[in-house]
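Student: The sequence isn't on hand, but the structure is:
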């Protein structure tokens, strides 16, 4: 199967909503090395899935003045995590959560450590995903001259044992930034858009944002921001059902999309 799904937006939109951790699906053949029983796996998926972030993104896309593009992961992050470095650069490897997880959120074994199986997962899922996301950003650059990646995540109200920075504040909305790819106008737009959703903090408890490696640190026309939503603001933890906070957050994300499209200059198609 393809590990991603692209939902087309307006040809004039520079905005891409990236939803990397919203799926619970694990293909049977790829999950064969899992060490959890069915109940344990369901509990781990409850903890680690950014439940309903795809619903938030879709709701925002439907109401935005100019429909953004959506790039959504169709597989669970327990298969591969598309936002991790696939090598020793990834700090989360220290807790068994590199591009291919070997540990659970509680530090228990998730799958057998098998370099050949890890290589197969990277080849079949991770690298094609990265290539497809890069292509979408290239297409937005070609069509509009700019690309804005809004990385849509959620996180639990109480820290999980795997978190490396669990002592940080846990606001209603955490905005993850990058010194090169998050311009001040984008940060200002996000703070304005989510002002009615509760407290907003920067880079706590999670930091940074996703940019394809081809453009990372080299292409200023690619802007990026991570939007981390605390789960108790829109669902009953750990994994639902949703509450009245969900449409409010979708509306806030739509406001941010509109502000991005208003701020960015339009260029002629090249």
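Tutor: Yes, it's here. No experiment lies behind these values; they were computed from the predicted model shown.

Student: which one is residue 212 nearest to, not counting chain neighbours?
Tutor: In space, and not counting its chain neighbours, residue 212 is closest to residue 134: 4.1 Å by C-beta to C-beta, 6 or more residues apart in numbering. Every C-beta, even on glycine, is put in place using the N, C-alpha and C of the backbone.

Student: what about the one you found, distance to residue 23?
Tutor: 20 Å (C-beta to C-beta, to the nearest Å).

Student: Neighbour count for those two, which is higher?
Tutor: residue 23 (23 against 15; other C-beta atoms under 10 Å).

Student: Please name the residues that touch the more buried one.
Tutor: 49, 54, 72-77 (C-beta atoms under 8 Å, 6 or more residues apart in numbering).

Student: swap the cut-off to 7 Å and go again
Tutor: Residue 23 is in contact with 73-76, counting by C-beta atoms under 7 Å, 6 or more residues apart in numbering.

Student: before we move on, what about residue 137?
Tutor: Residue 137 touches 16, 147, 212, 215, 222, counting by C-beta under 7 Å, 6+ apart.

Student: any idea which helix or strand carries the closest residue to the second one other than its chain neighbours?
Tutor: I take that to be residue 147. If the residues on either side of it in the chain are set aside, residue 147 comes closest to residue 140, at 4.0 Å by C-beta to C-beta, 6+ apart. Following DSSP states H and E, one finds residue 140 within helix 127-144.

Student: Now do that helix: distance to the chain's middle.
Tutor: Centroid displacement of helix 127-144 relative to its chain, using C-alpha atoms, centre = their mean, to the nearest Å, is 16 Å.

Student: which element follows it toward the C-terminus?
Tutor: strand 147-155.

Student: That next one pairs with which strands, and in what direction?
Tutor: strand 15-19 (parallel), strand 222-230 (parallel) (DSSP bridges).

Student: buried set for that strand?
Tutor: For strand 147-155, a neighbour-count test (16 or more other C-beta atoms under 10 Å) marks 147-155 as buried.

Student: Quick one: work out the angle between that strand and helix 127-144.
Tutor: Interaxial angle of strand 147-155 relative to helix 127-144 (axes from the mean of the first three to the mean of the last three C-alpha atoms, to 10 degrees): 140 degrees.
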